[in-house]
Every structure is written in structure tokens, then in C-alpha cells.
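K.L.:
Below are the sequence and a predicted model for it; my questions follow.
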Amino acid sequence: MSTDIQTPRSGKIGSGKIAPQYRRGTGSKGNFEMFAWLFMRLSGVVLVVLIFGHLFVNLMVGEGIHGIDFGFVAGKWADPFWQFWDLAMLWLAMLHGTNGVRTIINDYAEKDATRLWLKVVLYAATVVIVVLGTLVIFTFNPCPVVNGVQLPGGFCPAP
Amino acid sequence: MSAELAEPASKIELPAHIGGGGEIPTFNITLRVRRYNPEVSEEPVWEDHQLTMYGTDRVLDALHKIKWEIDGSLSFRRSCAHGVCGSDAMRINGRNRLACKTLLKDLDTSKPITVEPIKGLPVEKDLIVDMEPFFQSFREVMPFLINKGHEPTKERLQSVEDRERFDDTTKCILCAACTSSCPVFWTDGQYFGPAAIVNAHRFIFDSRDDAGDMRLEILNDKEGVWRCRTTFNCSEACPRGIQVTQAIAEVKQAILARKI
Ligand code: HEM
Ligand code: SF4
Ligand code: FES
């Protein structure tokens, strides 16, 4: 005599049937997520030095916070050392922050379309800020002369 | 055969002073259970039960009392009732634990004790969830010995140090407390989850196994170890005290060491 023991649930046991929302796409090749993970840690370590160095020099050294004005920034960007420092800080913070927000979007976006559009906006914003920031650091001219006329700025030498 | 059976030992009443100990204290609790029956309503509801329980009782005993004496329709999984089979992981007072290993007296009995199904897996009825996505991830890491050498004629011997390397992750009972406590798993259920990584770790670091590289490749997936954000929920939830987050970190390092 055989006894039929009914499966207690919807025939799912052992049938290998997975609720569709849990099914994983066929394995992504490549090491992108690994490098992204590594980059977050390495850039984090470098950012600690860059950010706290930046804050210390701007807020503590000399007159401290009271010394910050247009001329102070102009002075820093006349020095290749600070140009490089700020460039590294801009790129690392932007890429680090962008990748962080990418992670958050991946977590919280429920629909694929929402996820795609949030990322398009994120990457567009990143490109604009990085390109604009880089241009500013390298082309910054505190004493522009337009049509032979010196623009206002008390600290600029007479043309 | 004689109808007379020896009196069972448990029936012999020992006076307290002989050494049987005093009476076990009782106390009243409110057990607030998350009920869900899709045949009645799509909405889960909280249901309160006032129970008088003993100081030696566990949450599982309270659930039994409801099921056996008050409402037989209450559904939950349990098998061994002694923390071995991993059937009865549930969210008790907001934390994942085994109902059979959680003493009521260790909880705050002045307030209702909440009991919910573990999060992140589809609820089927009351405290029962569909574990299939969880076990699918487990299967995908190939949780069995793969050895390319000749089949030995005797036991595969291993040094004490080699065995020690993965001792912690051999303790897993597949209760899913870790995976269902992970906020990354909650988001979309795509992440392999701590339990799958723990069980991969168990073979990756086993000197007798030859398929470690394959498992590392599997967990290098975009839904693999890199989704871990080191929140430690899994380590806190594990009823076997496995250092889950550390095991995940070791697998991350093994992947990095192989690739770089
Ligand atoms: C002070 C130096 C910094 C260090 C050491 C640091 C470190 C880290 C690390 C290690 C992670 C990865 C966390 C994980 O995967 O679990 C991370 C995530 C993140 N970081 Fe930073 N970071 C720093 C500065 C910044 C800055 C300046 C920004 C903004 C531009 C930023 C934005 C983010 C974001 C949005 C995330 C993602 C958060 C998440 O995964 O939930 N970080 N950070
Ligand atoms: S690692 Fe711990 S919490 Fe996770 S399934 Fe195994 S025993 Fe349960
Ligand atoms: S019933 Fe087996 S672990 Fe709790």
C-alpha cells in the first residue's frame, strides 16, 4: 500500500521553482563590482588625508577661517601643488560619491526604468561637475583682462 | 506480557528539600503573533494571546501552547525543538532568533512579545516563509566536497590546523536568520546572502577541496560578496554564533588575492 503525502505548499518544494522576483540574471562576467569595492576603500583612505589636509590648511593655519576670501583661493590655485591637491580631491570625491550613490540607487530603486533614469541623472551630474571643476582649477585666472580693461579685484597688479 | 509497568520515574514526587528543587516560577505574558492567511485576507494582522508560562519555557513553548490549546490554525515550522535543525528562525521582538533557543524569561515580559516571520522571503502562512530562494543561493555555491584526485581507499585525513581554518563555518544549520536579517537582501532578494557565503567559505578554505576557485568565481558575481556592506546584522542574528561577517570578509580577500 502506498500513501500519498501531499506537499504542504504550492508544489514548490524540490521543484526548484523560485518566485520570479528572486531569480538572478545569468551571472555577470567581469570584475567591475570587485574594483568598485576596492576603489571605495582606497579612495576613502586617500580622501581622509586630502579632506583633513584641506580643512586644516583652510581653517586652522594662519588667520584661519577669517583669512578665506577670493584672494586666498586665487593664491592657492597659483601653486601647482594645490592645483594637484584640489584636482585629486575633486576627482576622488566625485567618483567615490558617485559610486556610493550608484550603490544606493541599486538598493532602493524598485523598477528597472527608475534605476536606469536615476543613474543617467547621476552620471550626467558627475560628468558636468568633474569637467567644470577640472576646467576651473586649470584655467582659473584671478585677474582677467577683458578688452584691455582690468576687471575689479584689489589684489591684482596693475596691467 | 504483564500489564503492570514500572512506575515512570517522572511520576515520583520528590519533596523540595530532598533536592528536586523548588517549584518552577510562572508568569503571564502577551504573545503578539503576526498572522497571515492569504485564503482569508491579503493583509497580515497582529494577534495577541495572554498566556501563563513557566520560567523554563521558550518562545517555541508559547507557540505550542497557542497551537495545541487555543488555536490550531497557527502555522510555524519546527522540527528538533533543540536548536539543531534550523526550522524555526523567526523575528522575535524585532530580532532574528530560533524560537526554540529563546527563553521567555530572557525577554521583556512586561511588554507584549512580538513574533513575526523572518523578513525578505515571501510569507506563505503565518510564520512560514518560502525558503526556496534561500536554498537556491545555497545550492549555487556548490556546498559539497569536490576533489579532483583519485578516490582514496580510506578516510581523507586532514591536519588539526587545516581543519581549524574553516571550523567556524561548519556550524551552520541553514536557519536563514542571517540572510533574512541583511538589509541588502531585503532590498531586492538578489544578493546571494550571508548563509550561501558561509557555506561556500566552509569548502573554499577546506584543504581537501579542489573547487575553491570555482566558488570564488561564483561569489565574484555582481550579486555576490561585493554587495555586503558590513552591517554585522548577520553575525548578531546567527544562533550558532558564527562570525558571519568575518567569513564574508575572508571570502572577499580570497577573491582579491586571486585576481590581483
Ligand atoms: C573622509 C574620507 C572618506 C572615507 C574614509 C570614506 C569611506 C567610504 C567607504 C569605505 C565606503 C564604502 C562603504 C561600504 O561599501 O560599505 C563609503 C561609501 C560611501 N561614501 Fe565615502 N568615504 C569618505 C568620504 C566621502 C565623501 C567626501 C563623499 C561624498 C562625496 C562620500 C560618499 C559616500 C557615499 C555616498 C557612499 C555610499 C554609502 C553606502 O554604501 O551606503 N564619502 N565611503
Ligand atoms: S550562518 Fe548562522 S544564521 Fe546563517 S543560516 Fe547558518 S546558522 Fe543560520
Ligand atoms: S526547531 Fe530545530 S532549530 Fe529550532
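P.N.:
Okay, I see it. Everything numeric here is computed off the predicted structure, so don't read it as measured data. Ligands and ions are numbered 1, 2, ... in the order given.
K.L.:
So which bits of the stretch 1-150 of chain B are right by ligand 3?
P.N.:
Applying C-beta under 6 Å from any ligand atom, we find that the stretch 1-150 of chain B lies next to ligand 3 at B:R78, B:S79, B:C80, B:A81, B:G83, B:V84, B:C85, B:G86, B:S87, B:D88, B:L98, B:C100. Glycine gets a C-beta too; all of them are placed from N, C-alpha and C.
K.L.:
could you dump those residues to JSON lines with pLDDT, distance to chain A and secondary structure?
P.N.:
Formatted as JSON lines, these follow (pLDDT from 0 to 100; distance: C-beta to the nearest C-beta, whole Å; DSSP: H, G, I helix; E, B strand; the rest coil):
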{"residue": "B:R78", "pLDDT": "97", "distance to chain A": "14", "secondary structure": "coil"}
{"residue": "B:S79", "pLDDT": "97", "distance to chain A": "13", "secondary structure": "coil"}
{"residue": "B:C80", "pLDDT": "97", "distance to chain A": "18", "secondary structure": "coil"}
{"residue": "B:A81", "pLDDT": "96", "distance to chain A": "19", "secondary structure": "coil"}
{"residue": "B:G83", "pLDDT": "96", "distance to chain A": "23", "secondary structure": "coil"}
{"residue": "B:V84", "pLDDT": "96", "distance to chain A": "21", "secondary structure": "coil"}
{"residue": "B:C85", "pLDDT": "97", "distance to chain A": "16", "secondary structure": "coil"}
{"residue": "B:G86", "pLDDT": "96", "distance to chain A": "16", "secondary structure": "coil"}
{"residue": "B:S87", "pLDDT": "97", "distance to chain A": "13", "secondary structure": "coil"}
{"residue": "B:D88", "pLDDT": "97", "distance to chain A": "15", "secondary structure": "coil"}
{"residue": "B:L98", "pLDDT": "98", "distance to chain A": "20", "secondary structure": "strand"}
{"residue": "B:C100", "pLDDT": "97", "distance to chain A": "20", "secondary structure": "helix"}
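K.L.:
quick check, nearest of the residues you listed to B:D209?
P.N.:
For those, the residue nearest B:D209 by C-beta to C-beta is B:G86; the value is 22.9 Å.
K.L.:
can you give me the helices in the chain?
P.N.:
Going with chain A. Under the criterion DSSP state H, chain A contains helices at A:32-59, A:70-77, A:80-108, A:112-139.
K.L.:
oops, I was thinking of chain B
P.N.:
Using DSSP H, helices in chain B cover B:59-65, B:132-140, B:160-164, B:183-188, B:194-204, B:212-219, B:233-237, B:244-259.
K.L.:
out of the ones you listed, deepest packed?
P.N.:
Mean neighbour count (mean count of other C-beta atoms under 10 Å in any protein chain shown) peaks for helix B:194-204 among those, with a mean of 27.
K.L.:
what about the closest residue to A:L87 other than its chain neighbours, neighbour count?
P.N.:
Counting by C-beta to C-beta, 6 or more residues apart in numbering or on different chains, A:I137 is the residue found nearest to A:L87 once chain neighbours are left out, at 5.3 Å. Neighbours of A:I137 under the rule other C-beta atoms under 10 Å in any protein chain shown: 17.
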